[in-house]
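J.: Quick one: sequence and predicted model below, then my questions.
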Amino acid sequence: MNKLNKTILYFGAAFCTGIAGILHLVLVPNSIIAGIEYAAFFLISGVAQLFWVLPVVKQWGRIWYIVGIGGTAIMVGLTGYALANIAADPQSAPPGVAVAIEIFQVSYVVMTGMIIARNRRK
């Protein structure tokens with residue numbers, strides 16, 4: 001993989017986790033209506049995903065990527081669960097935002113998996 005493709009892959013993964021984090025934070029104010037536990041989940045998830053931009057952009061290494069994939073995979077499930085539970089009130093979790101979060105999280109997992117696979121071939 002050439003240097004440009006490598007850079008695009010790293011920044012693409014960082015972008016995906018960053019946008020998912022921002023979207024989680026967008027859900028915090030409205031999810032307070034559904035329950036403080038949902039607001040806390042979206043807040044913690046959003047901050048964690050925004051932090052995770054750093055290890056990806058700085059290319060901290062394989063263990064960070066594996067932890068990121070695992071954490072994001074868990075968040076995909078938990079986000080889906082939380083949004084399904086508060087779906088009765090569409091204003092607390094707009095469906096479009098929920099779908100976008102899941103797409104960005106899954107994209108992050110795929111790109112980071114590609115980074116790990118690429119680095120194993122070296």
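T.: Thanks, I have the structure now. Note that the structure is a prediction, hence the values are computed from the model and not measured. Numbering: from 1, shown residues only.
J.: What does the pLDDT read for residue 97?
T.: Per-residue confidence for residue 97 comes out at a pLDDT of 83.
J.: repeat for residue 80
T.: According to the prediction, residue 80 has pLDDT 76.
J.: do the one 10 residues further on as well
T.: At residue 90 the predicted local distance difference test score is 59.
J.: do the same with the one 10 residues further on
T.: pLDDT for residue 100: 91.
J.: For it, give me its contacts.
T.: Listed by Cβ atoms under 8 Å, 6 or more residues apart in numbering, the contact set of residue 100 reads 19, 23. Every C-beta, even on glycine, is put in place using the N, C-alpha and C of the backbone.
J.: Name the helix or strand of this protein that has the lowest mean pLDDT.
T.: Every helix and strand of the chain was ranked by mean pLDDT, DSSP states H and E. The lowest is helix 62-85, at a mean of 87.
J.: residues of whichever helix or strand comes after that helix that come out buried?
T.: Toward the C-terminus, helix 62-85 is succeeded by helix 95-120 as the next helix or strand (DSSP states H and E). Buried residues in helix 95-120, defined by neighbour count with 16 or more other Cβ atoms under 10 Å: 98, 101, 102, 104, 105, 107, 108, 109, 111, 112, 115.
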